[in-house]
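Engineer: Make a model of this:
(one chain, ligands or ions: 1)
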Amino acid sequence: MSRENWGSRLGFMLAAMGSAVGLGNIWRFSFVAGNNGGGAFLILYLLCVLLIGIPLLLSEVSIGRKAQSDVVGSFKKLAPGTPWFLTGFFGVLSAFLILGFYSVVAGWAIYYFIQYVTGSFAAQPEAGYGGAFGEFISNSWYPLFWTALFMGLTIFIVVSGVKKGIESANKIFMPLLAIILIVLAFYSISFDGAAEGLRFLFSPDWSAFSDPSIYIAALGQAFFSLSIGMGAMLTYGSYLSKEHKLPGATLGIGIMDTFFAVVSGLVIFPAVFAFGIDPASGPPLVFITLPTIFEQIPLGGIVGVVFFFALILAALSSSVSILEVPTAYFMRVFNWSRRFTTILMGSIMFVLGIVVSLGFGIWAGVTPIGERNILDSMDYVASYIFLPLGGLAMILFVGWYFTKQQALEATDFTGSAVGNVWYFIVRYFAPIGIILVCLNSLGII
Ligand code: PHE
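Structural biologist: Just a heads-up that it's a prediction; the model follows:
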């Protein structure tokens, strides 16, 4: 069976940006920044994106493009007879963990969308937005309906094939989401008391740097948001043909993704402080803050409809890239059809989603890791262990397994001065950085 290909470099760019921009930029960025002191976190996050994330993104895509195979197959092909392919298994495992909870959160977004369509969020519910949200997610079965719907949509798009399914929707909805976010940011900044939020986000509390967990939080967020370390970008790169240049494309993806995160911060934090919401509310943060904003602005009900619609599409263009990782792998290994493989993988992830969702209801007392509930625990393992380790393996592969010439050639950097800087980062700086952050989070240094 011949493998699919993107129609054009733009097609790849759109799909990869679609993968990067999603709930990670809005939902996850906000609550992780809120939990980790705001400004100090933002600085570390930006450094991680620039000095580790984007160079790794380029490396990851180049592995896939060179090998033209899935996340396990690529390593088997390029490094036969070595254990490098284990990196791929980490990736496949991360995909299950991440989509397991991602689909639950995306389900919440669909629920909000419906609330705005039916007008039931036009006025604050009696319990307040926070209370109503808590009630909704603690319900055993109701949220699962929305999780199932989201998973079903994801499966449908992946069954249609990466190219047909993914390329087109992003062209319209990503710019739309960007515009709404920018407008919302202006409103949010104009609320009384918003300045405190800007200070929270932009003037770092230096003492926060002494907390070791902030470093791994920043690194994990950079990886999660850029979709790196799992093989989503590798798999997308494998549908790219050799004539397309990579460095500019990956830099563009990185800048775009960071832009969305920073603008989301400008929407959420001024409002959080203006309305006395706790910035450390955790995963519910944006689901409490956004409706509070919509209530205050003209035409908020309509903005809510459009915003959540665009957010759902952004989440879908990310979730398809996650589902594509195990799908591409199992399709090749077992020679299953795309349809069968996708439905099987998606169903397993949905079962994980049920577990995650019940973790806010009848299993609220289940805390697998530390004080963390099921969602937080799965996110912890995926974002703070698997993605960094997967990313470390990929960057070492390009920096040390490839010769310098191979590395530069794989990334279209041959003969470029910037290529030498990139190579230094990939060979020394980034691996050491990732290792130090991981050791630090384990309390070893
Ligand atoms: N980057 C996506 C987001 O920000 C999520 C994602 C993580 C996608 C890991 C692929 C791999 O929403």
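Engineer: show me where pLDDT drops low in this structure?
Structural biologist: 1-2, 162, 165-169 (pLDDT under 70).
Engineer: go again using 80 as the cut-off
Structural biologist: 1-4, 7-8, 161-173, 242-244, 443-445 (pLDDT under 80).
Engineer: Up against the ligand, what does it have?
Structural biologist: 19-20, 22-25, 98, 224-225, 227, 230, 232, 318, 321-322 (Cβ under 6 Å from any ligand atom). Backbone N, C-alpha and C define where each C-beta goes, glycine included.
Engineer: Of all residues in the stretch 51-200 of the chain, which one is closest to the ligand?
Structural biologist: Nearest to the ligand, among the residues of the stretch 51-200 of the chain, is residue 98, at 5.4 Å (Cβ to the nearest ligand atom).
Engineer: Pull the number of nearby residues for the residue lying closest to that residue once chain neighbours are set aside.
Structural biologist: Of all residues not flanking residue 98 in the chain, residue 382 sits nearest, at 5.0 Å (Cβ to Cβ, 6 or more residues apart in numbering). Residue 382 has 26 neighbouring residues, counting by other Cβ atoms under 10 Å.
Engineer: quick one: contacts for residue 436?
Structural biologist: residue 445 (Cβ atoms under 8 Å, 6 or more residues apart in numbering).
Engineer: For the residue of the stretch 201-350 of the chain found nearest the ligand, which residues are in contact?
Structural biologist: Nearest residue of the stretch 201-350 of the chain to the ligand: residue 227, at 3.4 Å (Cβ to the nearest ligand atom). Residue 227 sits next to 16, 19-20, 24, 233, 318, 321 when contact means Cβ under 8 Å, 6+ apart.
Engineer: Show me how far the stretch of helix or strand the residue of the stretch 51-200 of the chain closest to the ligand belongs to is from its chain's centre.
Structural biologist: Per DSSP states H and E, residue 98 falls inside helix 86-118. With Cα atoms, centre = their mean, to the nearest Å as the basis, helix 86-118 stands 10 Å off its chain's centre.
Engineer: With stretch 209-222 instead?
Structural biologist: With Cα atoms, centre = their mean, you get 16 Å for stretch 209-222.
Engineer: change the start of the numbering to 419 and stick with it
Structural biologist: Renumbered: residue one is now 419, and that last one reads stretch 627-640.
Engineer: buried sites along that stretch?
Structural biologist: Within stretch 627-640, the residues that count as buried by 16 or more other Cβ atoms under 10 Å are 630, 632-640.
Engineer: Take those and lay them out in TSV including secondary structure.
Structural biologist: Compiled in TSV, the buried residues of stretch 627-640 are given as follows (DSSP: H, G, I helix; E, B strand; the rest coil):
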residue	secondary structure
630	coil
632	helix
633	helix
634	helix
635	helix
636	helix
637	helix
638	helix
639	helix
640	helix
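Engineer: now, among the residues you listed, which is nearest to residue 429?
Structural biologist: Nearest to residue 429 among the buried residues of stretch 627-640 is residue 640, at 25.2 Å by Cβ to Cβ.
Engineer: mind listing what that closest one touches?
Structural biologist: Residue 640 sits next to 463, 466-467, 470-471 when contact means Cβ under 8 Å, 6+ apart.
Engineer: In JSON lines, list these along with distance to residue 527, secondary structure and neighbour count.
Structural biologist: Converted to JSON lines, the contacts of residue 640 look like this (distance: Cβ to Cβ, whole Å; DSSP: H, G, I helix; E, B strand; the rest coil; neighbours: other Cβ atoms under 10 Å):
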{"residue": "463", "distance to residue 527": "23", "secondary structure": "helix", "neighbour count": "27"}
{"residue": "466", "distance to residue 527": "26", "secondary structure": "helix", "neighbour count": "26"}
{"residue": "467", "distance to residue 527": "24", "secondary structure": "helix", "neighbour count": "24"}
{"residue": "470", "distance to residue 527": "29", "secondary structure": "helix", "neighbour count": "28"}
{"residue": "471", "distance to residue 527": "25", "secondary structure": "helix", "neighbour count": "28"}
